[in-house]
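A.B. asks: need a 3D model of the following:
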Amino acid sequence: MTSNLHYRKVDVVNIESKVGSNWHLQFAIFFILLLSLLYTPTVSAQTYDPWREANQRIYAFNDYFDQLLVRPLASSYTFFMPRVVRQGIGNFFSNVRDANIAANNLLQFKFQDALSDTGRFLINTTIGVGGLIDIATSLAWKNMRKISGKPSEHGG
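C.D. replies: Numbers count the residues shown, from 1 in each chain. Sure thing, here's the model as predicted:
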């Protein structure tokens, strides 16, 4: 059985020669793309803020109050207060923060961290004269000063 298969010859078109001959079109497309990238709209988008006036007034008051009272008070506190007294005040507030962190660790079911922070708080409050002296650090008590977010983050 002989088969009469006819093969057709297919002309392969050279794509490079077709594209290369239209350099005017390529340049025009490139130029249009370049212009579209360089074009910036002149209209600025603004959203409506119903609280803008109130925010500006509150900011102006806060800035005035800061310049009038807070900055001079902070500067004179730093200048006139001895370093030891400033350290004691900082220790007191750190001790208060330890109590908050202990409660937060307890709510996150981090019982070992909560126990450590509670111990720090109790030692600094009793032996450290209300937290003015940081005795727990001198005793190499581990400091767990981190609040990692919501209480439900760890335990569910």
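
A.B. asks: can you point me to the longest helix in this structure?
C.D. replies: Identified as the longest helix of the chain according to DSSP state H is helix 83-107.

A.B. asks: show me what that helix is packed up against.
C.D. replies: Packing partners of helix 83-107 (3 or more Cβ pairs under 8 Å, 6 or more residues apart in numbering; DSSP states H and E): helix 111-126. Where C-beta positions appear, they are placed from N, C-alpha and C, glycine not excepted.

A.B. asks: identify the residues contacting the helix it packs on?
C.D. replies: With contacts defined as Cβ atoms under 8 Å, 6 or more residues apart in numbering, helix 111-126 is touched by 91, 95, 98-99, 101-103, 105-106, 131, 133-136, 139, 141-144.

A.B. asks: okay, it in PDB with CA atoms only?
C.D. replies: Extracted C-alpha coordinates of helix 111-126, given in PDB (Å, rounded to 0.1, in the frame of the first residue of the first chain):
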ATOM      1  CA  PHE A 111       3.300  32.400  84.500                       C
ATOM      2  CA  GLN A 112       7.100  32.300  84.900                       C
ATOM      3  CA  ASP A 113       7.500  35.800  83.500                       C
ATOM      4  CA  ALA A 114       4.600  37.000  85.700                       C
ATOM      5  CA  LEU A 115       6.200  35.500  88.800                       C
ATOM      6  CA  SER A 116       9.600  37.100  87.900                       C
ATOM      7  CA  ASP A 117       8.100  40.500  87.400                       C
ATOM      8  CA  THR A 118       6.000  40.200  90.600                       C
ATOM      9  CA  GLY A 119       9.200  39.300  92.500                       C
ATOM     10  CA  ARG A 120      11.000  42.300  91.100                       C
ATOM     11  CA  PHE A 121       8.100  44.500  92.000                       C
ATOM     12  CA  LEU A 122       7.900  43.200  95.600                       C
ATOM     13  CA  ILE A 123      11.600  43.400  96.200                       C
ATOM     14  CA  ASN A 124      11.900  46.900  94.800                       C
ATOM     15  CA  THR A 125       8.800  48.100  96.600                       C
ATOM     16  CA  THR A 126       9.800  46.800 100.100                       C
END
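
A.B. asks: if we can go back for a sec, may I see the PyMOL selection of the buried members of the contacts of helix 111-126?
C.D. replies: Buried subset of the contacts of helix 111-126, written as a PyMOL selection, criterion 16 or more other Cβ atoms under 10 Å:
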select buried, resi 91+95+98+99+101+102+105+106+131+133+134+135+136+141+144
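
A.B. asks: from Ser36, how far out is Phe30?
C.D. replies: Distance, Phe30 to Ser36, using Cβ to Cβ, to the nearest Å: 11 Å.

A.B. asks: fine by me, thanks again.
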